[in-house]
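# The following block contains a protein sequence and its predicted model.
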Amino acid sequence: MGHTDKQMKDALSADEQALLNTFLDEHSLFYGPDPAIMRDHTIGPRSAIEDELLQGELDPHALNLVRGRLHAALDETYDMVEQMGTAPGAKWGDLVTAVYTATGDLSSISPKGVVVFSGVCHYPLKFIAKYWAKDPTVGLHDGDGFIHNDSRYGNIHNTDQSMIMPVFHEGEVICWVSSTIHEGENGACEPGGMPAAAESKWDEGLKMPPFRIVENYQVRRDLLTFLQNSVRDPKLQYEDVKVKLHACLRLIERIRAVIAEYGKENLIACLRKNIEDVDIEVRRRIREMPDGTVRTHAFIDGTLRENVLIKYNLTVTVKGERMILDVRGSSPEFVNRSINTTVASLKTCIATAYLLYIWPDLPHNMACFSAVEVLSDENSLLDSSFDAPNCMSLIPLFKSFTLPTIALAKFMYSCPTRYTAIYSSHFNQPYTFIYGGVTQHGEVTGNFCADINGNGGGARENRDGEHAVSPCFGYMCDTGEQELIEEELPVLRLVAQHLTKDRVGFGKYRGGLGYEQLITSRDAGFWGFMTGGTGSLHPSAYGLFGGYASPVYTLCKIREVNVFDTLKTDPRSFKFDLVELMNEQAIPGAKYGAYDMGMTFEPVQEGEVYMICQGAGAGYGDVLDRDPNLVIRDLEEDLISHETARALYHVVYDEDSLVLDVEATRAARAAEREARKRRGKPFDQFVAEWVRAEPPEDLPYYGSWDDPTRIYAGQGAGRVVMARGAVTGVMMPNPKDVRIAELEAQLAAATAGRG
Amino acid sequence: MKIPMTEYLAIDLDREMWECRCCGHLIQSARENYKKGLLVYDRNPREIHKPLLDTTKYQRSFAPDPAWCALLEYYCPSCGTMVETEYTVPGHPPLHDMEFDIDALRAQWKDRPAPAVREIPDDDERIKQLRHTHAH
Ligand SMILES: [Zn+2]
């Protein structure tokens, strides 16, 4: 506050101050995201009626019946959206329905739903309650429905859209309901809703703070038309607004039936108790853990536009029933790159990690994370500013599903109770094709393929990870029916989803494998693909307790050829395997290339082949501890090569019959243990020889080194160091300008002296 | 009492030492970084995650770039078990990843029974048993 302001404030009487406050309240220039809402992930205090009910005598039997009825209604509405939704994401389960208390705390989600979607809806919901409900031009009425997608007001990314509705009873809001779908297309600078190329928030497409699109249970056609007019797929926008509305209407109908049968008191008490019970249990589970600090970090190897090393720092401290997650020392935000995330989205994803991998037995609501404190640097990658683009926030957010799993494993291993098996990292990159163009039906579209839902599972302390099992953010999603996809889109899959041999996190237990995805386009008007992943130089999913990470991944292309011609004239030159295709280069005249997994939108010609692998989970434990019979089984199932079995697992067997030589294996492993002892160096000596005081000078490095209060950005002479509390965003040069400068320097060198 | 802290490490509360669970080797004071008592090997990550594409044809080959990724392997100096792996950036100081309050740990275990093998709710064998029980 300036000096003059202070003098003025001192001079105001209480009445004048009240008048000033009212004036300011009524004359806000812009209702931006409210930090008081957006920075608070904890459950709110009880309302008066909740307190009265929970202090009084409760009927556990009635509460249980109410809970069951709510779950059934949430399950039913999930199925409704999955069956009716137009978005590819809806058809494969990237959706959720949810119910909230009257004060806006998430109480319960659909049992099959994507937890992470509803963990963000309480933010816009609380915004509606705080601002729009009392605003005379908006208000809050029975039959209102609010649409929302901007993650600055609470969301994962703005490709997800929600419908949020209050449920009125006797003239008052008794609870809220919501329905969320990963819609895809949203009018961004690239089709499909996840534009890696966005350099400012204005490139991200639709950016909806919560606003009322439904009045008296009817969609307002003028507003819907505005939304349709702002995106590439007006049919999608039209249908899914209605689908989400009708899911909410069904939920409201079921809730009214619950009130009629059990009374509003039992509903209110049930919703609140769901949350409080989880909060109490979480605090008890934290108390079970040893006090101490666990440090971990992950490195992201690019911005989707250029290769840089970006640190995600995570230190977890437990003391009694307090758990503090400290992500300070992570990279600064990138002001003209799309991979930043708001801290609210970050917390929601970490909370989801708790529900998926740490305490999957807990009821799914936001109270699972209410007890946890989070520390972050403002203007950092993980706590980005209002202006930083964040439409590809998945890059750091996907790490947020797995890094806490690694950190928490070290707190949970000693605990007397297992709530689930200790889990290494699920694969954690959004590897899939995003597409856009004109379909064979003449319709303009843009969206993404469901391969994102086929991440390999991480290994556990008691078994191997599952192949291509689920996305890292949910567990009930599917990779879609290819025939249905081909009916709607000019996208053809050339090879069955066969598993990625040798591309997995090895260990005592190995991760689950991903699969190869080879696609092309056919009969399109205009068509193109993009991919939005990192992890091509530095592995993405790290192992646990001696397990190895997932490998790195490569985007492969066969261009300047129409593979349909090849299949007609010379089918033998087409191999149904990515590695063979790329190494043999058997298609005459084709241009083969291998690239990073991040590709901005690229037009494709009919019959050009684009190939990715879905990623594999990380390993658990020492490879030499792997049961040799499991290694043989991996060979039988063609998951690993003989080279891997021999050189990595040190198993001895007959290559033709796959008969194991138990004794020779034991001897080979003993020899390898001795070899380790010879090549390993004592820690202090190693540190003295190997450790550097600062990041290597030629590495474009973003984030802290050993001291989390000193944050590096850049490389060479351009590198800057920021202090904690003074982190500012980093502006990246246009990769094309960088390339032009390189080529000009080469040209100057080549022509020097010839002037 | 010995508290298992990871797959391969325990803390012996009586001796206040990190201990190898495979061979019983006393690694380091439990109040210090256990890594100080282990051997470290700077493994070329391309030996584990081997190039699958022909590196004469392509720069990218499903193998990490050693300038961008270091892989530290930590071995028990007595039995050679690989206790931990650490993926990092070349030259980055190894993480002091586990720092527990030993006094609090002792207090926590004072009234608990000695650690036993913990039952994992979603263990295959256990699920089989449950199904068996339900069937009869
Ligand atoms: Zn040992």
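The structure has been received and is ready for your questions.

# Quick check: bridge partners of the spatially most central residue of chain B?
Nearest residue to the geometric centre of chain B (C-alpha atoms, centre = their mean): B:Glu84, 4.0 Å. Note on B:Glu84: beta-bridge partners B:Tyr74, judged by DSSP bridges.

# who's in contact with it?
Going by C-beta atoms under 8 Å, 6 or more residues apart in numbering or on different chains, B:Glu84 touches A:545-546, B:6, B:8, B:35, B:38, B:73-74, B:97. Any C-beta I mention is one placed from the backbone N, CA and C, and that applies to glycine too.

# Out of these, list just those in helices.
Among the contacts of B:Glu84, DSSP state H puts none in helices.

# where does chain B dip in pLDDT?
Applying pLDDT under 70 to chain B flags residues B:130-136.

# residue boundaries of the strands in it?
B:2-4, B:9-12, B:17-20, B:26-29, B:39-43, B:70-75, B:82-88, B:98-100 (DSSP state E).

# Would you mind listing what in chain B touches the ion?
B:20, B:22-23, B:25, B:76, B:78-79, B:81 (C-beta under 5 Å from the ion).

# Sort out which one of those residues lies nearest A:Glu82 for me.
Ranked by distance to A:Glu82 (C-beta to C-beta), these are led by B:Thr81 at 46.7 Å.

# Give the full set of residues in contact with the closest residue to that closest one other than its chain neighbours.
Counting by C-beta to C-beta, 6 or more residues apart in numbering or on different chains, B:Thr81 lies nearest to B:Cys22, which is 4.7 Å off, once chain neighbours are set aside. Contacts here follow C-beta under 8 Å, 6+ apart; on that basis B:Cys22 touches B:8, B:76, B:79, B:81.

# for A:Met194, same thing?
A:157, A:159, A:188, A:391-392, A:394, A:430, A:434, A:448, A:532.

# In strands, which of those appear?
Reading strands off the contacts of A:Met194 with DSSP E, I get A:434, A:448, A:532.

# Which entries within those residues meet the buried criterion?
Listed as buried from those are A:434, A:448, A:532; burial here means 16 or more other C-beta atoms under 10 Å in any protein chain shown.

# quick one: least confident of those?
pLDDT across those is at its lowest for A:Phe448, which sits at 89.

# hmm, back to that, tell me the least confident of the contacts of A:Met194?
For the contacts of A:Met194, the pLDDT minimum is A:Phe448, 89.

# Against A:Asp233, how distant is that residue?
The gap separating A:Phe448 from A:Asp233 is 12 Å, by C-beta to C-beta, to the nearest Å.

# so what's in contact with the two at the same time?
With C-beta under 8 Å, 6+ apart, A:Phe448 and A:Asp233 have common neighbours A:Gly184.

# elements contacting the helix or strand where A:Leu65 lies?
If you go by DSSP states H and E, A:Leu65 is part of helix A:60-84. Helix A:60-84 sits against helix A:88-91, strand A:95-101, strand A:106-109, strand A:172-182, helix A:234-262, helix A:264-288, with contacts defined as 3 or more C-beta pairs under 8 Å, 6 or more residues apart in numbering or on different chains; DSSP states H and E.

# Alright, calling it a day.
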